[in-house]
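Engineer: need a structure here:
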Amino acid sequence: MSDLMPSPDSDTRLRMRILFGDSAMLGPGKADLLELIRDTGSIAAAGRAMSMSYKRAWSLVEEMNAAFRAPLVARSRGGTKGGGALLTEAGETVLGHYRNAEAAAARAAAKDIAALRAMLSDIPSGK
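Structural biologist: You can find the predicted model right below:
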């Protein structure tokens, strides 16, 4: 999972959401879910890692699969070896493009983010 441009002394980061009209969206949560599916081989395990129900994780996968020309996640039903999921070639490509766009946005905004951070009050959060 990727949080962009965190400062060594802070938790400042840029999170990006891409809206494709009114019909589709790709943001940090979906990108993190794709990464976790790739890393765990399981929609259920990816959902658990994000404190998300399997139903919610599967719903997000269905949204992404429907939004793109080719499915991003392929799954196999359980059986003697159990089920699983993997990113398709399209899924790997979409995730790569999203992470590249995040990194480019963070680089482009780094000076402005630093200026905004410098303008924050010194009051600790939670007070």
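
Engineer: What number of residues are in the vicinity of residue 20?
Structural biologist: 10 (other CB atoms under 10 Å). Every residue, glycine included, has its C-beta placed from N, CA and C.

Engineer: ignore the last one, residue 76
Structural biologist: Other residues lying near residue 76 total 12 when counted by other CB under 10 Å.

Engineer: I'd say it and residue 43 touch.
Structural biologist: No: with contact defined as CB atoms under 8 Å, residue 76 does not count as touching residue 43 (10.9 Å).

Engineer: Between the two, which contacts overlap?
Structural biologist: Shared contacts of residue 76 and residue 43, defined by CB atoms under 8 Å, 6 or more residues apart in numbering, comprise residue 85.

Engineer: tell me which residues in stretch 62-72 are buried?
Structural biologist: Neighbour-count burial for stretch 62-72 flags 63, 64, 65, 68, 71, 72 (criterion: 16 or more other CB atoms under 10 Å).

Engineer: now for the residues you listed, which pair is the farthest apart?
Structural biologist: Spanning the widest gap among the buried residues of stretch 62-72 are 63 and 71, at 11.4 Å by CB to CB.
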